[in-house]
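Asker: A predicted structure for the sequence below; I have some questions about it.
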Amino acid sequence: MHLKLGWLYPTLMGTYGDRGNVICLEKRAQWRDIEVEIVALDQEAPLEAWSDIDLIVGGGAQDRQQEIVMRDLQGAKAAKFKSLIEDGVPGVFTCGSPQLLGKYYEPAVGQRIEGLGILDLVSKHPGFDAKRCIGNVAFEITANPLADDLAKKLGSKPVALGFENHGGRTYLGDVQPLGKVLTGYGNNGEDGWEGAFHKMAIATYAHGPLLPKNPFIADWLLEKALERKYDKTVEFSALDDQLATDARETMFNRLNLTELNTSA
């Protein structure tokens, strides 16, 4: 089996180490004898590069880099990107990427950056005097079908761990939140929600990177990508994730949380 993974603007939107999500997906696929072709979807990529994408990953960026990306991600490229999401292509989008997928982002300085409007959310920076949202974050995944699928796989409520570092605050409209914050700030530090979920797209402020810290999410993305491409049910057998499990247990203890999930 083969998957074509589209990586959104890896140079411009790679500020916070979220390339680890790409590496995690690639390795967990290869360990199961699934070939992964990684395609950079950036300024140099022709429109044809957006065709037949099976899985999408987007990372975070500074405000200036986001402006550059949005100037390029227009017209036919934007239309193709929207169609991928609406057609149910799985993806994970971290920090700056969800802001671009939303309606707009208002930076602390400068003009509003218009988004693609794929997700019904807006993001605003409250100004440089406002405290940044920094620290470990844990949240119970509540968005479906993701939450139900993971609960079945794990045998318990799915809880994700990550690290957040964002000045912007995100506010949801008519879109599912990804999860309920257990500790940390989440989207805005006010309403108790973290991230967003639409079709098969995961939007989150959780770095870490997210997928190595929560390998069961990586497996869900791969399974859904394969099911969509090959039109058959895919259910992976477990990998040896003891290192990830130990790291998660340590973090749960540090955060004084009793929930613990494995990738089994």
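Answerer: Looks like it arrived, so ask away. All values reported here derive from a predicted model rather than from experimental measurement.
Asker: what about stretch 52-71, distance to the chain center?
Answerer: 12 Å (Cα atoms, centre = their mean, to the nearest Å).
Asker: tell me the buried residues in that stretch?
Answerer: 53-61, 63, 65-67, 69-70 (16 or more other Cβ atoms under 10 Å). Any C-beta I mention is one placed from the backbone N, CA and C, and that applies to glycine too.
Asker: ditto for stretch 77-90
Answerer: 77-78, 80-81, 84-85, 89-90.
Asker: show me what the strand or helix carrying L243 packs onto, helices and strands only.
Answerer: Using DSSP states H and E, L243 sits in helix 242-254. If contacts are counted by 3 or more Cβ pairs under 8 Å, 6 or more residues apart in numbering; DSSP states H and E, helix 242-254 sits against strand 133-141, strand 159-166, helix 210-213.
Asker: export the last one as PDB, just CAs?
Answerer: What follows is helix 210-213 as a C-alpha-only set of coordinates in PDB (Å, rounded to 0.1, in the frame of the first residue of the first chain):
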ATOM      1  CA  LEU A 210       1.400  16.000  18.900                       C
ATOM      2  CA  LEU A 211       1.600  12.600  17.200                       C
ATOM      3  CA  PRO A 212       4.700  11.200  18.800                       C
ATOM      4  CA  LYS A 213       3.200  12.000  22.200                       C
END
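Asker: what packs against it?
Answerer: Partner elements for helix 210-213 (3+ Cβ pairs under 8 Å, 6+ apart): helix 19-30, strand 91-94, strand 159-166, helix 215-230, helix 242-254.
Asker: before we move on, what about the longest one?
Answerer: Strand 133-141 makes packing contacts with strand 159-166, strand 179-183, helix 242-254 when contacts are defined by 3+ Cβ pairs under 8 Å, 6+ apart.
Asker: single out the most deeply packed of those.
Answerer: strand 159-166 (a mean of 22; mean count of other Cβ atoms under 10 Å).
Asker: out of the helices and strands packed on strand 133-141, nearest to A108?
Answerer: For these, proximity to A108 was assessed by Cβ to Cβ; strand 159-166 is nearest, at 12.0 Å.
Asker: orientation of the closest one relative to strand 133-141 in degrees?
Answerer: 150 degrees (axes from the mean of the first three to the mean of the last three Cα atoms, to 10 degrees).
Asker: and the helix or strand that strand 159-166 is followed by, how far from the chain's centre?
Answerer: Following strand 159-166 in sequence order, the next helix or strand is strand 169-172 (DSSP H and E). Distance, stretch centre to chain centre, for strand 169-172: 15 Å (Cα atoms, centre = their mean).
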